[in-house]
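K.L.:
Whatever this is, show me its structure:
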Amino acid sequence: MRRPFPRLLVLVPHRDVRLPMRAWSGSLFAAGLQGAWSFPWVVPLATLDRKLSDGELKSLSRALREHSRTSGGKFTAGPTALAPLPFFPKAFAFGPSLDIAIPAEPEGPPPIKPISPAVLGSALLYAPPPDGLPDPPQIAFQASALAVMRFRPLSPGNGHDDDYSFKWEIGKLHWLPK
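P.N.:
So this is what the prediction gives:
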């Protein structure tokens with residue numbers, strides 16, 4: 001029996017963010033960072049125990065937008081950070097940090113396990129990044145959506161830390177309201 005993809009709740013920035021992030025991922029790869037193309041340009045916010053309904057995703061989208069209003073409704077990228085990916089031992093999403101947190105639902109939290117810190121994924125790493133990497137681009141965005149992303153290695157998992165081939169699928173986008 002095939003094991004299901006692990007699920008992540010992710011924030012997907014508007015496509016305008018992709019161009020500077022793609023250029024930065026390219027510069028990371030040119031600087032020798034092996035996992036520079038192994039993670040999509042999304043913000044992993046939490047691991048999920050089960051699939052979330054459209055209603056749950058819409059509710060989380062509204063709550064996240066309300067949380068962002070304290071900063072004028074924008075998400076602004078800061079210094080780089082590592083965000084642990086709990087379903088892959090010693091694996092981290094690497095990228096510019098963002099001040100985002102999953103708000104608690106009034107009727108109780110959905111089946112999620114928050115990931116902290118929040119980073120705009122630019123690479124997948126198994127160890128702290130080396131010194132001397134190019135600085136991340138200055139990014140701020142307002143338009144964004146929540147989605148469920150399924151993520152898994154392409155190889156059967158040989159236990160080596162040099163495996164950077166992954167497949168991901170990003171589900172239906174639930175845009176944060178204006």
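K.L.:
How many residues are close by the nearest residue to H14 once chain neighbours are set aside?
P.N.:
Spatially, and ignoring its direct neighbours in sequence, H14 is nearest to A143 (3.8 Å; C-beta to C-beta, 6 or more residues apart in numbering). Quick note: C-beta positions are derived from backbone N, CA and C, even for glycine. The number of residues packed around A143, counting by other C-beta atoms under 10 Å, is 16.
K.L.:
what residues are up against A143?
P.N.:
A143 is in contact with 13-14, 16, 175-176, counting by C-beta atoms under 8 Å, 6 or more residues apart in numbering.
K.L.:
Now do it against L120, distance only.
P.N.:
14 Å (C-beta to C-beta, to the nearest Å).
K.L.:
R152 bridge partners, please.
P.N.:
K167 (DSSP bridges).
K.L.:
Which parts of this structure are strands?
P.N.:
Under the criterion DSSP state E, the chain contains strands at 7-13, 43-48, 75-76, 80-84, 92-98, 112-114, 118-119, 123-125, 140-141, 144-153, 166-170, 174-175.
K.L.:
List the strands paired with the third one, with their directions.
P.N.:
To tie it back to what came earlier, the one meant is strand 75-76. Strand 75-76 sits in its sheet next to strand 140-141 (antiparallel), going by DSSP bridges.
K.L.:
and what of the second one?
P.N.:
Based on DSSP bridges, the strands next to strand 43-48 in the sheet, each with its direction, are strand 7-13 (antiparallel), strand 112-114 (antiparallel).
K.L.:
where among those strands is the average confidence lowest?
P.N.:
Looking over the strands paired with strand 43-48, mean pLDDT reaches its minimum on strand 112-114, with a mean of 84.
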